[in-house]
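S.K.: My questions are about this predicted structure, shown below with the sequence.
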Amino acid sequence: MGEFTIFLAKPYFKLYNRSMKVIMIMFDSLNRHFLPNYGNSWVHAPNFKRLGERTVTFTSSFVGSMPCMPARREIHTGRYNFLHRSWGPLEPFDDSMPELLKKNNIHSHLVTDHYHYFEDGGSTYHSRYKTWEMVRGQELDTWKGLVKEKPVISRMGGHSKAGLALNLLNREQMKAEKDHYVARTFKLGLDFIKTNCKEDSWFLHLENFSPHEPFFTPEKYKKFYPHKYNGPAFDWPPYSGVKETREQVQHCRYEYAALVSMCDEYLGRVLDLMDKLDLWKDTMLIVNTDHGLLLGEHGWWAKNFMPFYNEIANTPLFIWDPRSGKKGIENDRLVQTIDLAPTVLDFFKLKIPKDMLGKPLKDTLAKNVKVREAGLFGILAGQMNCTDGRYVYMKASKELNNWPLYQYTLMPAHMRSMFSIDELKTAKLAKPFSFTKGLKTLKIELPKAQRINKRIRETLLFDLKNDPGQKYPIKNKKIEKMMTAHMVKLLKENDAPKEQYRRLGLKAR
């Protein structure tokens, strides 16, 4: 009888106590207003609608640090990036979620066509995973070597001829849909799932740079959006105010929608495979983005240089957690990018490092538990943005020159270059911050050109309940005082540099 009891106990333990699997499908620059889940009625995206039926849809998900690599640092570290530095590599003192998984015998795998990982400012991210695969050809990826550049006549979207020539050369390598970077990236992700579906304890980060600009798609996806257009080629908007005609703006929005439809098609292939392999019973699914994108709304294109309206900051987020089984519902709790790392670690029953300030969303998904009163979001040298889910407060610098402002880093690299000699000449050693594991960092002056933005000199306050489109800023001292208190509290919790308080005219508590 004793032997018979032991025989039953072993499979029982394996079935109910095993580590499970996580698939994170991450798109780039996904504007939630183009998804049926958030009220869109004209974009062809049936698989996003299907996704909403299988997951919890978050309606108050916000970015933290902008744009691409700062957001990815948050996905690794579970804490804000933008209070201390701009775009750059992971730091030696950072706690990286994929690396923590790797160290605990949970296989972390990255599939990506996000070429910024392989530039100076993103060079330490992909190697935190146990394994990784890269697809070439996105945007300005320096992929194919052509010594003599082909002549370019147009200047689509205000981009340089050299940049456009590089991108057109990349496009020429993708004659058929199977050659397109969306198709190739998802194929690698699907291959990983098929190969490892019967194994336990793995994390797949399937990351697609689309629908980031340029909005390059096969013709079949453009056919969803028939329209008359006689203007110049325009599927790559500039980072600036809208100067184009109404016809050009609408055409570009259709081009973006076509790329969203292509993303939808390949998202559906992952959902199909999860159905076929019955992965829903033990696999968490997260579908997210790093940030949204302005496509003519508020008179702006793209991101970074303007106020971070909700088309940028309020992101689509879908999560399926097999532990709770909640699906087909909306959740209005305020969550942020920094919550993703602790959510994944918690799913695998790993200890969450003390320096991760994001919160695991297990109980938020299961019981609608609140994880925060308010959250910060922004970009170094930009407005300091704070939201409690109802109000968004965008506080501009009170200093005309946005001064003082510094970068704190041990990895002095910008997006596509090292810090300049002149920048490094200003470097001093700063005292350790609460999250730097006792290490001092370089304290480097932010050059004038990087800290002055005349477009964001105004402090704005919006009531999202009564003005979801953020068309009418309000004046309310009581609400502004409340949001300022949230801001100061969060700056303190994140051990923000003193000059952040000074430039914003805030008093540290």
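M.R.: Alright, I've got the coordinates.
S.K.: C-alpha only now, for contacts and for neighbours.
M.R.: Will do.
S.K.: so residue 132 makes contact with residue 111?
M.R.: Yes - applying Cα atoms under 8 Å as the test, residue 132 and residue 111 come out as touching, 5.8 Å apart.
S.K.: more neighbours, those two?
M.R.: When residue 132 is set against residue 111 and neighbours are counted by other Cα atoms under 10 Å, the residue ahead is residue 111, at 25 against 15.
S.K.: what number of residues lie near residue 400?
M.R.: Applying other Cα under 10 Å, we find 12 residues neighbouring residue 400.
S.K.: Against residue 499, how distant is the spatially most central residue of the chain?
M.R.: Most central in the chain under Cα atoms, centre = their mean is residue 290, positioned 1.0 Å from the mean C-alpha point. Residue 290 sits at a distance of 27 Å from residue 499 (criterion: Cα to Cα, to the nearest Å).
S.K.: in stretch 427-444, what counts as buried?
M.R.: Going by neighbour count (16 or more other Cα atoms under 10 Å), the buried part of stretch 427-444 is 427, 433, 435, 436, 439, 440, 441, 442, 443, 444.
S.K.: which residues in the stretch 101-250 of the chain form strands?
M.R.: All strands of the stretch 101-250 of the chain, identified by DSSP state E, counting those that start in this stretch, fall at 107-112, 131-134, 202-208.
S.K.: Just send the ones you listed back as TSV, with mean pLDDT and distance to residue 503 too.
M.R.: Converted to TSV, the strands of the stretch 101-250 of the chain look like this (pLDDT from 0 to 100; distance: least, Cα to Cα, whole Å):
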stretch	mean pLDDT	distance to residue 503
strand 107-112	98	38
strand 131-134	98	41
strand 202-208	98	36
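S.K.: Tell me the buried residues in the helix of greatest length in the chain?
M.R.: Of all the segments assigned as helix in the chain under DSSP state H, the longest by residue count is helix 246-276. Within helix 246-276, the residues scored as buried using 16+ other Cα under 10 Å are 248-268, 270-271, 274.
S.K.: What number of residues are in the vicinity of residue 466?
M.R.: 11.
S.K.: Show the contacting residues for it.
M.R.: Listed by Cα atoms under 8 Å, 6 or more residues apart in numbering, the contact set of residue 466 is empty.
S.K.: Next one, pLDDT for it please.
M.R.: Residue-level confidence at residue 466 comes out at 98, pLDDT.
S.K.: so how far is residue 391 from it?
M.R.: When Cα to Cα is the yardstick, residue 466 and residue 391 sit 10 Å from each other.
S.K.: Count residues in the vicinity of residue 151, would you?
M.R.: By the criterion of other Cα under 10 Å, residue 151 has 9 neighbours.
S.K.: now it, nearest residue through space, not along the chain?
M.R.: Once its chain neighbours are removed from consideration, residue 151 has its nearest residue in residue 165; the separation is 7.4 Å (Cα to Cα, 6 or more residues apart in numbering).
S.K.: hang on, isn't the one you found packed against residue 152?
M.R.: Yes - Residue 165 is in contact with residue 152 according to Cα under 8 Å; the separation is 6.2 Å.
S.K.: Looking at these two, which is more packed in?
M.R.: Each of residue 165 and residue 152 has its neighbours counted (other Cα under 10 Å); residue 165 has more, 20 against 15.
S.K.: pLDDT wise, what is the more buried one at?
M.R.: The per-residue pLDDT reported for residue 165 equals 90.
S.K.: That one and residue 209, how far apart?
M.R.: Taking Cα to Cα, one finds residue 165 at 20 Å from residue 209.
S.K.: And for residue 444?
M.R.: 31 Å.
S.K.: Okay, now the unreliable bits of the stretch 101-250 of the chain?
M.R.: 153-158 (pLDDT under 70).
S.K.: where exactly do the helices run in it?
M.R.: Chain-ordered helices for the stretch 101-250 of the chain, with DSSP state H, counting those that start in this stretch as the definition, fall at 161-172, 181-196, 219-222, 246-276.
S.K.: Let me have those helices in CSV, extended by distance to residue 386.
M.R.: Rendered in CSV, the data for the helices of the stretch 101-250 of the chain read as follows (distance: least, Cα to Cα, whole Å):
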stretch, distance to residue 386
helix 161-172, 35
helix 181-196, 34
helix 219-222, 37
helix 246-276, 29
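S.K.: and residue 483, which of those is closest to it?
M.R.: Closest approach to residue 483 among the helices of the stretch 101-250 of the chain (Cα to Cα): helix 246-276, 33.9 Å.
S.K.: Can you name the next helix or strand after the closest one?
M.R.: Along the chain past helix 246-276, the next helix or strand (assigned with DSSP states H and E) turns out to be strand 283-289.
S.K.: For that next one, C-alpha coordinates in PDB please.
M.R.: What follows is strand 283-289 as a C-alpha-only set of coordinates in PDB (Å, rounded to 0.1, in the frame of the first residue of the first chain):
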ATOM      1  CA  THR A 283       0.900  29.100 -20.600                       C
ATOM      2  CA  MET A 284       0.600  32.800 -19.600                       C
ATOM      3  CA  LEU A 285       0.100  35.000 -22.700                       C
ATOM      4  CA  ILE A 286       1.100  38.700 -22.600                       C
ATOM      5  CA  VAL A 287       0.400  40.900 -25.700                       C
ATOM      6  CA  ASN A 288       1.800  44.400 -25.200                       C
ATOM      7  CA  THR A 289       3.600  47.300 -26.800                       C
END
